[in-house]
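A.B. asks: everything below, folded, please.
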Amino acid sequence: MLKLFISFLVIIALLIPTTAYADCDWTGIKKNPDGTYTYSEKLHVCVGKLVQDNKVKTQQIADYTKALSLKDLSIKASDDRANLWMDTSGKLEARLQKVDSLQRDNEFIFFALGVVATGIAAYTASKIK
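C.D. replies: Presented below is the predicted three-dimensional model:
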């Protein structure tokens, strides 16, 4: 019974402080018979603040959008540089492989020419005597 009473008090304590944090009393607007509206100067100032805040927020959104697009462009430029570097390194690797292949072929050719030159030298030396 005591637990039920305490829980009831806690629920009531949570429901009582329902404070609204509004600056303007929008219920003070009265409609006139001719279709216009009448409201206090305080409400007029409040509407002016809302309009100014809206302009500031619109400018902030435009700035954030511009910053995001610039970020996207910088990421794209960075990706383009990375792709260009990968292409260049691939081409350089292919060129190095060609150079290595030509070097092996040249070594084989020089060895074969050395064997032929030695054979020719031995043949001519045997003919001189």
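A.B. asks: from now on I want contacts and neighbour counts done on CA atoms only, so please keep to that.
C.D. replies: Will do.
A.B. asks: now do the helices in this structure.
C.D. replies: 2-15, 41-128 (DSSP state H).
A.B. asks: excluding sequence neighbours, find me the nearest residue to Asp25.
C.D. replies: Among residues not flanking Asp25 along the chain, Leu43 sits closest, at 7.1 Å (Cα to Cα, 6 or more residues apart in numbering).
A.B. asks: below-threshold pLDDT in this structure: ranges please.
C.D. replies: Within the chain, the stretches falling below the threshold (pLDDT under 70) are 17-22, 129.
A.B. asks: coming back round to it: as CSV, the helices of the chain with distance to Ile29 and mean neighbour count would be great.
C.D. replies: Output for those, formatted as CSV (distance: least, Cα to Cα, whole Å; neighbours: other Cα atoms under 10 Å):
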stretch, distance to Ile29, mean neighbour count
helix 2-15, 29, 10
helix 41-128, 8, 12
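A.B. asks: of those, which is nearest Cys24?
C.D. replies: Cys24 sits nearest to helix 41-128 of all the helices of the chain, at 6.1 Å, using Cα to Cα.
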